[in-house]
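Engineer: Can you look at this prediction? I've put the sequence above it.
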Amino acid sequence: MKTLQRALAALAAASMAGGAVAAPPKPRPIGMETQIPFADHRGIRDFQADGDSALWIQDQGRNWYRATLFGPCPGLPYAIGIGFVTKGTSALDKFGQIVVEGRTCQIETFATSNPPPRKADRKKRKES
């Protein structure tokens, strides 16, 4: 029994020492043109509209991206669900499109982003 306790204590000490050596993950660069791979195979987790000409998109890894559109996309601010067109590849990027209520809207830029601001913060920004 004491041998088992010693072995468990040694294993716990080794795992704690190994965790202390691990480097923290590098921060993701913001504002870099990019893509979401496998967007057409459940690669997208969530989205939030930013008015009618931009939106934030979250991938399955919980990373956020910001897509700006070539013009206003009617219905985007109120859309509950949208479609993503990846243009022959499985990745969503600046060459893709979104579909809102049957209308296709072309993506102009697609870049890494911070999470969208909270709704209360967006409301304050509009009021000032």
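Structural biologist: Now that the structure is in, tell me what you want to look at.
Engineer: So for the longest strand along the chain, mean pLDDT?
Structural biologist: In the chain, taking DSSP state E as the definition, the longest strand is strand 103-113. On average, the pLDDT along strand 103-113 is 97.
Engineer: Report the buried residues of that strand.
Structural biologist: Within strand 103-113, the residues scored as buried using 16 or more other CB atoms under 10 Å are 105, 107, 110-111, 113. Using the backbone N, CA and C atoms, a C-beta is placed for each residue, glycine as well.
Engineer: In JSON lines: those residues, plus distance to Gly81.
Structural biologist: Shown next, in JSON lines, are the buried residues of strand 103-113 (distance: CB to CB, whole Å):
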{"residue": "Cys105", "distance to Gly81": "14"}
{"residue": "Ile107", "distance to Gly81": "17"}
{"residue": "Phe110", "distance to Gly81": "20"}
{"residue": "Ala111", "distance to Gly81": "23"}
{"residue": "Ser113", "distance to Gly81": "21"}
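Engineer: Relative to Gly88, which of these is nearest.
Structural biologist: Checking the buried residues of strand 103-113 against Gly88 with CB to CB, the nearest one is Ile107 at 14.5 Å.
Engineer: ok, now which ones touch that closest one?
Structural biologist: 67-70, 92-98 (CB atoms under 8 Å, 6 or more residues apart in numbering).
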